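Engineer: Output the structure for:
(chains A, B, C and D)
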There are 2 protein chains.
Amino acid sequence: MVRNPPPPRPEASGPAADERRGQILAAASRLFRSRGLGGTGMREIAAEAGMTAGNLYYYFGSKDDLLAFCQEVSLADLNALARRAVAHAARADARLHWLLVGHVRVLNELHPGSLAHLEIEALPEARRQPLLARRKAYEHAFHQLIDAGVAAGVFRPVDASLATLALLGAVNWTVRWFDASGRMHADEVGREFADLLVRGLLAPGVELETLADDALSADAPPEALEP
Amino acid sequence: MVRNPPPPRPEASGPAADERRGQILAAASRLFRSRGLGGTGMREIAAEAGMTAGNLYYYFGSKDDLLAFCQEVSLADLNALARRAVAHAARADARLHWLLVGHVRVLNELHPGSLAHLEIEALPEARRQPLLARRKAYEHAFHQLIDAGVAAGVFRPVDASLATLALLGAVNWTVRWFDASGRMHADEVGREFADLLVRGLLAPGVELETLADDALSADAPPEALEP
DNA sequence: CAGGATATTGAACGATGGTTCGAAACCCTC
DNA sequence: GAGGGTTTCGAACCATCGTTCAATATCCTG
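Structural biologist: Just a heads-up that it's a prediction; the model follows:
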């Protein structure tokens, strides 16, 4: 006879719990960044969030849950950005530039030190799939923008997949060294990076165009995020 | 009365042991790559290298020893490359391009999946310092090449420190996704990346110059590496 | 073939990690 | 202030991790 799985432990819900989850996520991100992912324990995360290890499990069923949540949030924000960039009417180089600046800001300013989609490998197979799909969607936006630029003659002909990985590598790497208390703000770093990276794609003779970067997705567009 | 530290346990020496250490390093690198650093245990590394956990300690005094060795080897190769690039007579863009290609190859072809200088934070303070010094030296080479290019009017004026981080981010990121059995070889990826990144630095109107990339440092220059 | 140095094993130890759980504390509402 | 839901604690559990070590196998040398 098959035994029913134990009743799913009651997971906290409601706006208060969501708020708390946000605090935990922030604390975890901070620690993940300085001590590495495997190097930070639940007790440390709890302490950083001003609570007890046992209490953490009232909000997250497991460390994997916490990690997956961490990445879902970042990926959702990144994808929201990407959708806006793809839908925008400006030239491909301007849109790509704008997206790159936003990317750096989301990773270092909105979710400081967030691992974003950086450590998917650390999750068990079952959790990976949905996150990988979202990451793929995000990369697809870069692919699209680059192809659009090539088609328009704004970019020189490049392998869009490879170029995507180059751009993402550079901007993702910022979480390793960016220091919010340092001499530069996230958006300044983002602009310098985007300048360099998008210029690397331009066809000879084309001048880089840019867009004004606006507010981050925290108080952003009215359209809802995907479910 | 101060007790003498226990006699330093005999650590294997000789060419045979060095060979074995090389195998272990390769196995460890492979696992670190797929499972992450904190996620791989000594037992797994040992198994991957075809031996027992206890046996590992005949070659490395601790996991930190192993990790530090891993990074020293990669950094030594990278710095050897960097010294050649800095000493070379060609134009700055060509030298930087050559160095970037070499970097990708060292990380993905010579030491597949090596974490290189990527996870220094995981080491205890004492170990970090010498590695950080070597990394700093390596970054300094990029800084030099970029400044030289700017001075020569080959590159547009950029923040050399920031540009260095952008370039290194892109090429370091390759260890996350590069697959030796994939459609591209490490040197092809390296060239595409170097093209994009160095072009991003060029001053308007300047055409990219490149150097032929030669053999990797395995059978490389006669000058000795530093001790 | 003997015998010592070199390699390797497998079991064990202590510490730490994620996790569970019953009980206490807190916070509302009636 | 009694009572029920929500939240928090703290101790304990068990697996795993890095590590040690005495014993054994393997290899080379005389």
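Engineer: Secondary structure element holding A:Val104?
Structural biologist: helix A:92-105 (DSSP states H and E).
Engineer: That helix packs against which elements?
Structural biologist: Packing partners of helix A:92-105 (3 or more Cβ pairs under 8 Å, 6 or more residues apart in numbering or on different chains; DSSP states H and E): helix A:63-87, helix A:125-151, helix A:160-177, helix A:186-199. Just so you know, the C-beta spots here come from the backbone N, C-alpha and C atoms, and that holds for glycine as well.
Engineer: just the angle between it and helix A:160-177, please?
Structural biologist: Interaxial angle, helix A:92-105 versus helix A:160-177 (axes from the mean of the first three to the mean of the last three Cα atoms, to 10 degrees): 30 degrees.
Engineer: by how many degrees do helix A:92-105 and helix A:63-87 diverge?
Structural biologist: Going by the same axes, to 10 degrees, helix A:92-105 makes 160 degrees with helix A:63-87.
Engineer: May I have helix A:92-105 as CSV, with CA atoms only?
Structural biologist: What follows is helix A:92-105, C-alpha atoms only, in CSV (Å, rounded to 0.1, in the frame of the first residue of the first chain):
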residue,chain,number,x,y,z
ALA,A,92,19.2,47.8,-31.7
ASP,A,93,22.4,49.2,-30.3
ALA,A,94,20.5,51.7,-28.1
ARG,A,95,18.1,49.0,-26.8
LEU,A,96,21.0,46.6,-26.1
HIS,A,97,22.9,49.3,-24.3
TRP,A,98,19.8,50.1,-22.2
LEU,A,99,19.3,46.5,-21.3
LEU,A,100,22.9,46.0,-20.2
VAL,A,101,22.8,49.0,-18.0
GLY,A,102,19.6,47.7,-16.4
HIS,A,103,21.1,44.3,-16.0
VAL,A,104,24.0,45.7,-13.9
ARG,A,105,21.6,47.7,-11.9
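Engineer: List of residues touching stretch A:84-91?
Structural biologist: By Cβ atoms under 8 Å, 6 or more residues apart in numbering or on different chains, the residues outside stretch A:84-91 that reach it are A:95-96, A:98-99, A:102, A:141, A:144-145, A:149, A:152, A:154, A:209, A:211, A:221.
Engineer: looking at chain A, which helix or strand is least sure?
Structural biologist: helix A:15-35 (a mean of 88; mean pLDDT, DSSP states H and E).
Engineer: Tell me which other helices or strands that helix touches.
Structural biologist: Taking 3+ Cβ pairs under 8 Å, 6+ apart as the contact cut, helix A:15-35 packs with helix A:42-48, helix A:53-59, helix A:63-87.
Engineer: Of the ones you listed, which stretch is the most buried?
Structural biologist: helix A:63-87 (a mean of 19; mean count of other Cβ atoms under 10 Å in any protein chain shown).
Engineer: Could you quantify the relative orientation of that helix and helix A:125-151 as an angle?
Structural biologist: Going by the same axes, to 10 degrees, helix A:63-87 makes 20 degrees with helix A:125-151.
Engineer: what about helix A:63-87 and DNA strand C, any contact?
Structural biologist: Yes. Contact of helix A:63-87 with DNA strand C (Cβ under 7 Å from any atom of the strand) involves A:63-64.
Engineer: Could you tell me the angle between that helix and helix A:15-35?
Structural biologist: Going by the same axes, to 10 degrees, helix A:63-87 makes 90 degrees with helix A:15-35.
Engineer: what does chain A put close to chain B?
Structural biologist: With the criterion set to Cβ under 8 Å from any Cβ of the partner chain, chain A comes near chain B through A:34-39, A:119, A:121-122, A:158-159, A:162-163, A:165-174, A:176-177, A:184, A:189, A:192-193, A:195-202.
Engineer: Make a ChimeraX selection of the buried ones in the residues you listed.
Structural biologist: A single ChimeraX command selects the buried members of these (16 or more other Cβ atoms under 10 Å in any protein chain shown):
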select /A:36,37,38,119,122,158,162,163,165,166,167,168,169,170,171,172,173,174,176,184,189,192,193,195,196,197,198,199,200,201,202
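Engineer: restrict the residues of chain A next to chain B to contacts with DNA strand D.
Structural biologist: Applying Cβ under 7 Å from any atom of the strand to those, none is adjacent to DNA strand D.
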